[in-house]
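[1] Build me a model from this:
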Amino acid sequence: MTSGFNRLTGYKSCAFTGYRPQKMPFGFDEQDPRCVDFKKRLRDTIKELIGHGYSHFISGGALGMDMFASETVIDLKQKYPWIILEIACPFDGQASKWSPEYQNRYYRLMKEADITTHIGHQYTRSCMFRRNRYMVDNANLLLAAYDGQPGGTAMTVEYAENTGVPVQTIAPSSAQRA
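    From the prediction side, this is the model:
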């Protein structure tokens, strides 16, 4: 699906993909100026997408890009109350091994999301890939925190490109140009 509206909600939709903190240049340090800069660029990009008619945002709910993007959408709902956040959870216990701080953030996002989609109920070797395919299959655009590193983000970007879903990248570091 590359143009028009999301077949489930009827809104122009954008899915998020990107690195976990371990692959970000700032790691888990959200006070690092590089993280502050990344979050600002992410917010500016999402606001720009809203200006272009995107109103349904789909996040996988994982640590890093997914969480940052979800929190940004929830914050932007104050100014743009019509936007929708969907969290596509790969399995019920996604946050079970995270620190209490990240679990609390995750459960707050799940509570504040407009739509929660559970792709599966138990962890399987393919649950993350199934979640990523679901997001791309239901998006008009994929916004990726991506700079070419191999892994799940690269596979999701490749899947989007192979299925005709446009990909917009946002570099994890402002020193890089996506």
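
[2] Show me what counts as buried in the longest helix belonging to the chain.
    Longest helix of the chain, by residue count under DSSP state H: helix 33-51. By neighbour count on 16 or more other CB atoms under 10 Å, the buried set for helix 33-51 is 34-35, 38, 41-43, 45-46, 49-50. In this view, the C-beta of every residue, glycine as well, is placed from N, C-alpha and C.

[3] Out of those, the closest to residue 65 would be?
    Set against residue 65, the nearest of the buried residues of helix 33-51 by CB to CB is residue 42 (7.8 Å).

[4] close enough to count as contact, that closest one and residue 170?
    Yes: with contact defined as CB atoms under 8 Å, residue 42 counts as touching residue 170 (6.1 Å).

[5] okay if I get the buried residues of helix 33-51 as TSV plus distance to residue 108?
    Supplementary listing: the buried residues of helix 33-51 in TSV, determined by distance: CB to CB, whole Å:
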residue	distance to residue 108
34	25
35	19
38	21
41	23
42	18
43	18
45	23
46	19
49	23
50	22
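
[6] Specify which member of those residues is nearest to residue 17.
    residue 42 (12.5 Å).

[7] Check that closest one and give its pLDDT.
    pLDDT for residue 42: 98.

[8] could you measure it against residue 48, distance?
    To residue 48, residue 42 is 11 Å away according to CB to CB, to the nearest Å.

[9] Show me the shaky parts of this structure.
    Within the chain, the stretches with pLDDT under 70 are 1-10, 175-178.

[10] how about the strands in it?
    Ranges of strands in the chain, per DSSP state E, are 12-18, 54-59, 84-89, 115-118, 141-145, 167-170.

[11] Make a markdown table out of the ones you listed and add mean neighbour count and distance to residue 102.
    Putting the strands of the chain into a markdown table (neighbours: other CB atoms under 10 Å; distance: least, CB to CB, whole Å) gives the following:
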| stretch | mean neighbour count | distance to residue 102 |
| --- | --- | --- |
| strand 12-18 | 27 | 16 |
| strand 54-59 | 25 | 14 |
| strand 84-89 | 22 | 14 |
| strand 115-118 | 14 | 17 |
| strand 141-145 | 23 | 17 |
| strand 167-170 | 18 | 22 |
